Each structure stands twice: as structure tokens, then as C-alpha cells.
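[1] what's the 3D shape of this:
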Amino acid sequence: GRVVYCEEMAGRRYAFYAPQVWTRQRRILMPSASILGTHLCNAFEVTRMNDMVAAGLLDVTEPTVVPWRDLPAAHQAMWDNKHQGATYVVNHALPARGLRGRDALVEAWAAE
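    Model (predicted):
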């Protein structure tokens, strides 16, 4: 299904309650932007997506890592549509970036 808005929407902020957009891969089309479904429904879809990432079929952007103390500014930047990256991750407990797995995390905590 599609929801099409036929007016200029640039410079405005809109909110949608549209669970079908996210869970059923629907689209909302606008002249100056588009919203595509992003949430996965079940383990099969998650596994399929992970396989596509591993095969290089999906381009995954590097997240912008924000320290806990900068969280209010990050939220404001997103609200004002002035954020730097496509994805934000708040670092509230990780001692270093790039850790892979629980053992690496425990070792990094022990080294502090």
C-alpha cells in the first residue's frame, strides 16, 4: 500500500503513527522525502537481512556514537533535523569502540 502526500512538506516536521509502514514494508511518498518501512517482523527476516549484510548486498552506515553526557544535545539535533549521522548510538557503558563480544568487553573493563 501507499500513502501519497501531494504538497510541499520541506521545512516542516511530521509524525506518523503507521505500524503497517514499519512492519509490512509499506511506503509513505512525499514530494521532498519518503519514509520506507524499517522494522523487521520475525527471526527469519532478521536472519535474511544479516545474510544480505554479510554478502555485501546492503550498505550499513557507521553509527554516530554519542557519549552519555551529550545525549540531550543529540536529541535536540535530531529534533531540529541537524544531526550528523543516519544512526545514533549512546555510549553509556562501553570503555572503547570496536569491541566484539562479551569477552572483549570484560577485558576492556578490567584494563581501566
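[2] Which neighbouring elements make contact with the helix ranked longest in the chain?
    What stands out as the longest helix in the chain, according to DSSP state H, is helix 43-54. Helix 43-54 sits against no helix or strand, with contacts defined as 3 or more C-beta pairs under 8 Å, 6 or more residues apart in numbering; DSSP states H and E. Yep, even glycine has a C-beta here, placed from its N, CA and C like the rest.
[3] Past that helix, which element shows up next along the chain?
    Per DSSP states H and E, the first helix or strand lying C-terminal to helix 43-54 is strand 64-67.
[4] Give me the buried stretch members for that next one, please.
    Across strand 64-67, burial judged by 16 or more other C-beta atoms under 10 Å covers V66.
[5] mean confidence for it?
    The average of the pLDDT scores along strand 64-67 is 86.
[6] quick one: buried residues of the next helix or strand along the chain from that strand?
    Downstream of strand 64-67, the first helix or strand assigned by DSSP H and E is helix 71-79. By neighbour count on 16+ other C-beta under 10 Å, the buried set for helix 71-79 is A74, A77.
[7] same deal with stretch 82-92?
    Those would be H83, Y88, V90, for stretch 82-92 by 16+ other C-beta under 10 Å.
[8] hang on, the first one packs against A73?
    Spelled out, it's H83. No. Between H83 and A73 there is no contact under C-beta atoms under 8 Å: 10.0 Å.
[9] For P95, grab the count of nearby residues.
    13 (other C-beta atoms under 10 Å).
[10] Tell me the confidence at the nearest residue to it once chain neighbours are set aside?
    Distances taken as C-beta to C-beta, 6 or more residues apart in numbering put A108 closest to P95, at 4.3 Å, once the chain neighbours are dropped. For A108, the model assigns a pLDDT of 89.
[11] and the gap between A108 and L99?
    Going from A108 to L99 by C-beta to C-beta, to the nearest Å gives 6 Å.
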